[in-house]
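Asker: Just a sequence and a predicted model for now, questions to come.
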Amino acid sequence: MHHLGMSYRTIKPREANPSTRTTGELLLVADLLNERVQDIMAIVLAQVQAGNYPPAGTD
């Protein structure tokens, strides 16, 4: 969390609902994990499509 510059209260809801993650956060995660951002975005998209998450900003 420290490397992302985000607090626990910010990260926990994003874990529960991946549709609320921002592009900037995905870029940071990809950089920290030394992964391609396209791969990270594909994983998040698959999570959102598989889950029953409300659209971002409606929860």
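Answerer: Great, that's in hand. For clarity, every value in this text was computed on a predicted model and none was experimentally measured. Residues are numbered from 1 along each chain as shown.
Asker: can you give me the strands in the protein?
Answerer: Under the criterion DSSP state E, the chain contains no strands.
Asker: so where's it shaky on pLDDT?
Answerer: Counting by pLDDT under 70, the low-confidence segments of the chain come to 1-11, 14-15, 52-59.
Asker: what about 50?
Answerer: 1 (pLDDT under 50).
Asker: for it, longest helix please?
Answerer: helix 37-50 (DSSP state H).
Asker: Okay, buried residues for stretch 41-51 please.
Answerer: Neighbour counts over stretch 41-51 (16 or more other C-beta atoms under 10 Å) mark M41, V44, V48 as buried. (Glycine included, C-beta is placed from N, CA and C.)
Asker: Tell me the one of those nearest E25?
Answerer: The shortest separation between E25 and any of the buried residues of stretch 41-51 is 9.5 Å, and it belongs to V44 (by C-beta to C-beta).
Asker: and the closest one, what does it touch?
Answerer: Each residue near V44 by C-beta atoms under 8 Å, 6 or more residues apart in numbering is listed here: P18, R21, L26.
Asker: Just give the number of residues close to the first one.
Answerer: Using other C-beta atoms under 10 Å, the number of residues around P18 comes to 18.
Asker: check contacts around it.
Answerer: Counting by C-beta under 8 Å, 6+ apart, the residues that P18 touches are V44, Q47, V48, G51, Y53.
Asker: hmm, 10 Å instead?
Answerer: In this structure, P18 makes contact with L26, I43, V44, L45, A46, Q47, V48, A50, G51, Y53, A56, judged by C-beta atoms under 10 Å, 6 or more residues apart in numbering.
Asker: How about the last one?
Answerer: Going by C-beta under 10 Å, 6+ apart, L26 touches P18, V37, Q38, I40, M41, I43, V44.
Asker: okay, those residues in a markdown table with distance to K12 next?
Answerer: Formatted as a markdown table, the contacts of L26 follow (distance: C-beta to C-beta, whole Å):
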| residue | distance to K12 |
| --- | --- |
| P18 | 12 |
| V37 | 23 |
| Q38 | 26 |
| I40 | 19 |
| M41 | 21 |
| I43 | 19 |
| V44 | 16 |
